[in-house]
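Participant: Sequence and predicted structure are below.
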Amino acid sequence: MNKMIFIACVLDPRFKFDYVAFVLLKMYGQEKGEQLRVEIKLYMTSLFEEYRKVTSKMSQGSSTSKVEPSGINTGNIHKRTLIQQEYLRYKAESGNMDAKTELDKYLDEDVEVANEHFDILLWWKVNSSKFPTLAEMTRDVLAIPISTVASESAFSTGGRVLDSFRSSLTPRLVQALICLQDWFRKESSPIKVEEDLDHLEEIESDLINIGRDSCIGRDSCITNI
């Protein structure tokens with residue numbers, strides 16, 4: 001089971017993780033549903049951490065390469081930065097540091113009211129400054145096209161040719177049927193069944209006449225001999 005399907009539902013502010021957990025319990029029961037809930041929560045957290053690493057590196061690179069405009073006292077800015085860092089260290093040492101991640105804050109918020117006019121892309125665009133890492137993750141996850149067709153049936157026609165009613169076909173005949181199907185699909189002009197059948201009947205009748213003439217000629221030759 002591809003867990004990315006559930007991640008897309010979690011990133012929908014109308015449902016989030018509580019809805020996914022509820023549906024899993026309804027579909028698979030208490031034991032199996034709880035196991036899947038834990039696995040999806042772990043998968044979601046690990047995926048978020050990977051995106052947070054990338055965004056933190058990008059933010060650090062942009063901050064180091066930032067050039068201060070002229071006319072601004074860089075000494076005061078440097079002092080403010082040092083005081084802010086010292087304040088964060090103080091909060092961490094005193095135990096008052098907020099340990100919630102961006103993902104936790106998003107999941108703790110109330111869900112949005114579900115209606116037919118809700119635009120999920122617009123919601124993430126408006127809240128991208130509030131959840132920058134999740135917005136990057138949502139941009140990638142929601143861009144994945146969803147397909148309800150199994151990959152094997154989409155890319156292989158062998159299962160549709162060799163079914164339970166035609167299981168006695170030889171491998172050579174199955175290969176011929178698949179090749180014939182590919183040739184029909186690659187026809188530049190549309191196939192007209194009635195015209196093709198008429199043409200085949202003409203060919204068949206011509207072959208019968210040729211065979212009959214050859215038999216008549218052979219019989220006359222035998223009679224002459």
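Facilitator: In hand now; what should we look at?
Participant: and this structure, what are its domains?
Facilitator: Using automatic domain parsing, the domain parsing of the chain gives 4-63+78-141, 152-224.
Participant: Lowest mean pLDDT across those domains, which one is that?
Facilitator: Mean pLDDT is lowest for domain 152-224 among the domains of the chain, at a mean of 67.
Participant: Tell me, how many residues neighbour residue 129?
Facilitator: 8 (other Cβ atoms under 10 Å). Just so you know, the C-beta spots here come from the backbone N, C-alpha and C atoms, and that holds for glycine as well.
Participant: in which helix or strand would I find it?
Facilitator: Assigned by DSSP states H and E, residue 129 belongs to no helix or strand.
Participant: Contact partners for it?
Facilitator: By Cβ atoms under 8 Å, 6 or more residues apart in numbering, the contact set of residue 129 is empty.
Participant: what separates residue 173 from residue 204, distance-wise?
Facilitator: Distance, residue 173 to residue 204, using Cβ to Cβ, to the nearest Å: 22 Å.
Participant: So which of these two has more stuff around it?
Facilitator: Taking neighbours as other Cβ under 10 Å, residue 173 and residue 204 compare with residue 173 leading, 13 against 10.
Participant: Using PDB, write out the CA atom coordinates for the strand or helix carrying residue 175.
Facilitator: Element membership for residue 175, per DSSP H and E: helix 171-185. These are the backbone C-alpha positions of helix 171-185, laid out as PDB (Å, rounded to 0.1, in the frame of the first residue of the first chain):
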ATOM      1  CA  PRO A 171       2.900 -19.300 -25.900                       C
ATOM      2  CA  ARG A 172       3.400 -18.800 -29.700                       C
ATOM      3  CA  LEU A 173      -0.300 -18.100 -30.300                       C
ATOM      4  CA  VAL A 174      -0.400 -15.700 -27.300                       C
ATOM      5  CA  GLN A 175       2.500 -13.800 -28.700                       C
ATOM      6  CA  ALA A 176       0.900 -13.700 -32.100                       C
ATOM      7  CA  LEU A 177      -2.400 -12.300 -30.600                       C
ATOM      8  CA  ILE A 178      -0.500  -9.600 -28.700                       C
ATOM      9  CA  CYS A 179       1.500  -8.500 -31.700                       C
ATOM     10  CA  LEU A 180      -1.700  -8.400 -33.800                       C
ATOM     11  CA  GLN A 181      -3.300  -6.200 -31.200                       C
ATOM     12  CA  ASP A 182      -0.400  -3.800 -31.300                       C
ATOM     13  CA  TRP A 183      -0.500  -3.700 -35.100                       C
ATOM     14  CA  PHE A 184      -4.200  -2.800 -35.000                       C
ATOM     15  CA  ARG A 185      -3.500   0.000 -32.500                       C
END
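Participant: what's that helix packed up against?
Facilitator: Where contact means 3 or more Cβ pairs under 8 Å, 6 or more residues apart in numbering; DSSP states H and E, helix 171-185 is packed against helix 158-161.
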